[in-house]
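Trainee: have a look at this fold, sequence not included:
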């Protein structure tokens, strides 16, 4: 198993958009920050020792998101009774997952079709810390 942290604001892949250019279909995503985030994930995985595998892969991903300012009182203390899970407009978990799966293609596995299990959680980061923790497990035959 390999585990690593990636510091930064977790990004979503965004919605796919298709265009026809000179008779060819071009598909893009509407979040320009996703590519840089994907590269950061790939680099962190390489540094942690990830190598392309042909095995079945299980991923565990925890997204640490920033709390909105509305969660704090005027003195910077967390308000009482604030819902502890990020359910608002902080990012769809499936779109955040797509960035991670694409980032690890060619790094931890040859193709994301090898991923047979994904366990994901979104939560607020402590003291404003944002990022992700990823664990990669190979299933041996």
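Mentor: Perfect, I can see it now. Model, not experiment: these values are computed from the prediction.
Trainee: for residue 53, give me phi and psi.
Mentor: Main-chain torsions, residue 53, degrees, to the nearest 10: phi -120, psi 150.
Trainee: is it true that it touches residue 107?
Mentor: No. Between residue 53 and residue 107 there is no contact under CB atoms under 8 Å: 9.9 Å. No exception for glycine: its C-beta is placed from N, CA and C like everyone else's.
Trainee: pick out whichever of the two has more residues nearby.
Mentor: The residue with more neighbours, out of residue 53 and residue 107, is residue 107; 19 against 15, by other CB atoms under 10 Å.
Trainee: you'd agree residue 41 is in a strand?
Mentor: No. Assigned with DSSP: H, G, I helix; E, B strand; the rest coil, residue 41 falls outside any strand and is helix.
Trainee: which residues belonging to stretch 39-54 are considered buried?
Mentor: 40-42, 44-45, 48, 50 (16 or more other CB atoms under 10 Å).
Trainee: and that stretch, average pLDDT?
Mentor: Averaged across stretch 39-54, pLDDT comes to 96.
Trainee: and the contacts of it?
Mentor: By CB atoms under 8 Å, 6 or more residues apart in numbering, the residues outside stretch 39-54 that reach it are 2-6, 8, 99-100, 103-104, 106-110, 114, 132, 134, 136, 138.
Trainee: switch to 10 Å and redo it
Mentor: Identification of contacts with stretch 39-54 by CB atoms under 10 Å, 6 or more residues apart in numbering yields 2-8, 10-11, 61, 99-111, 114, 131-132, 134-136, 138-139, 141.
Trainee: this completes my enquiry, with thanks.
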